[in-house]
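Engineer: Next one to model:
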Amino acid sequence: MATYLPTLKQLQYLVALKDAGHFGRAAEACFVTQSTLSAGIRELETLIGVVLVERTRRVVRFTPLGDRIADKARIVLREADELGDMARAAGRPLSGDMRMSVIPTIAPFMLPRILPRLRTNYPELKLFLREEPSGAACEGLHNGRTDCVLLALPYACGDVASALLFEDALFVAGTAAELGEDAPAIRARDIDETRLLLLEDGHCLKDHALAACNRPEMRAEATMLGTSLHTIVQMVDNGLGVTLLPEMALKAGILDHTGLTARPLDADSPSRQIALVWRRASPREKDFQLLAQVLAEAR
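Structural biologist: Numbers count the residues shown, from 1 in each chain. Predicted coordinates for the structure are as follows:
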C-alpha cells in the first residue's frame with residue numbers, strides 16, 4: 001500500500017500561516033500567490049483527513065489539532081534545514097545559503113563594514129539578512145527561520161552557542177553645553193534622568209544603557225519613545241535631552257551634520273558585548289565560528 005506523506009512545501013505553508021495569521025501575509029512570506037498557499041494547505045488537510053484551519057472572512061483560526069501539527073511541522077522543517085546544513089558543512093567553508101538576523105542597533109553601523117569583506121573573501125556565501133529586535137531574532141533562531149543572530153549581550157536568547165566578537169563602549173551624547181564643556185567623561189550618577197531619551201521597549205540597547213548606569217529611578221523617569229538611534233539623535237539635536245549611544249554608531253558617523261558631541265560613560269560596566277549566536281549542536285558550528293572571526297576582524 002502506498003503511503004502519502006505531507007511535503008515540506010505544504011508544511012512550510014502551514015507554519016507561515018500560523019506565524020502570519022493571515023493568508024495574504026503568509027503567501028508573501030513564502031513568495032507565492034495567496035491561492036497557491038491556500039491550495040497547498042487544503043491539499044494537506046485532504047491528505048491527512050482533518051481540518052487544520054477554520055476559515056472566515058475576517059479570522060484565520062487554527063483548530064487544536066492544527067496548532068499541534070503546526071508546531072510539529074516547525075520541528076520537521078528545522079530538521080530538514082539541518083540536513084542541508086550537514087551537506088554544506090562538509091563542503092567549502094562559508095559557502096551556500098546562510099540566514100542571519102541582526103538587531104537594529106547593530107545592522108546600520110556594522111554591516112557596511114563587514115559585507116564587502118565577506119563578498120570578497122567568501123564569494124560562494126549567500127548571506128540573507130533580516131533586521132529585527134532581539135526577541136524576534138532569538139525566536140526565529142529557535143524556530144529555524146534564521147541560522148544565526150548578530151546581537152548584543154547580555155540577553156536571554158535561550159539555549160544557544162555564542163562567540164564574543166568585541167566590547168562596544170557606551171557614550172553619552174548631547175550638546176556641549178548640556179554635557180559640560182570640559183568634562184572628559186560623564187559619570188552615570190550625574191545624568192539627569194528627566195532629560196534622558198532612550199529607545200522604546202523591545203530594543204535591548206535600552207536595557208543595556210539602564211544596566212550600565214545602575215540607577216533604578218532612571219527606568220521610571222527616562223523618556224523611552226525612539227524607534228531608532230537616528231531618530232533619538234535628531235531629538236537630542238533639537239534640544240530635547242541627552243542619550244546613550246554605542247561606540248560603533250559614533251564610528252559610523254551617526255553624529256555627523258549635527259551640533260552634538262559624545263563623551264565616554266563613566267560607570268562600572270559602560271559597554272555591551274557584541275556576539276554571534278547560533279543553535280547549540282548545529283552542524284554548521286565551524287562555519288559560525290569562522291564567520292565570528294571574520295566579523296571580529298572587520299570591526
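
Engineer: and R58, how far is that from F109?
Structural biologist: 42 Å (Cβ to Cβ, to the nearest Å). C-betas here are computed from N, CA, C, even on glycine.

Engineer: Please say which of these two ends up with more neighbours.
Structural biologist: A direct count of neighbours by other Cβ atoms under 10 Å for R58 and F109 places F109 higher, at 22 against 4.

Engineer: Leaving out the residues flanking it, which one is nearest to the more buried one?
Structural biologist: Leaving out its chain neighbours, the residue that sits closest to F109 by Cβ to Cβ, 6 or more residues apart in numbering is A252, at 4.0 Å.

Engineer: What separation do you get for that neighbour and A39?
Structural biologist: In terms of Cβ to Cβ, A252 sits 46 Å off from A39.

Engineer: between these two, which one's more packed in?
Structural biologist: More crowded of A252 and A39, by other Cβ under 10 Å: A252, with 17 against 14.

Engineer: Identify the residues contacting the more buried one.
Structural biologist: A252 sits next to P108, F109, M110, P112 when contact means Cβ atoms under 8 Å, 6 or more residues apart in numbering.

Engineer: Distance of the second one relative to E131?
Structural biologist: I take that to be F109. Counting by Cβ to Cβ - F109 and E131 are separated by 12 Å.

Engineer: Only the buried residues of the helix or strand that contains E28, if you could.
Structural biologist: Following DSSP states H and E, the helix or strand that holds E28 is helix 23-30. The neighbour-count check on helix 23-30 (16 or more other Cβ atoms under 10 Å) flags F23, A26, A27, A29, C30 as buried.

Engineer: and if you look at stretch 229-239?
Structural biologist: Residues of stretch 229-239 classed as buried by neighbour count (16+ other Cβ under 10 Å): L229, I232, V233, V236, D237.

Engineer: Stretch 101-117 now?
Structural biologist: By 16+ other Cβ under 10 Å, the buried positions in stretch 101-117 come out as S101, V102, I103, P104, T105, I106, A107, P108, F109, M110, L111, I114.

Engineer: List just the nearest of these to P154.
Structural biologist: Among those, I103 lies closest to P154 (Cβ to Cβ), at 13.4 Å.

Engineer: So which elements touch the strand or helix carrying L198?
Structural biologist: If you go by DSSP H and E, L198 is part of strand 196-199. Applying 3 or more Cβ pairs under 8 Å, 6 or more residues apart in numbering; DSSP states H and E, one finds that strand 196-199 contacts helix 204-213, strand 223-226, helix 229-237, strand 242-246.

Engineer: I'd like to know the average pLDDT value across the longest one.
Structural biologist: Yep, that's helix 204-213 we're talking about. For helix 204-213, the mean pLDDT works out to 85.
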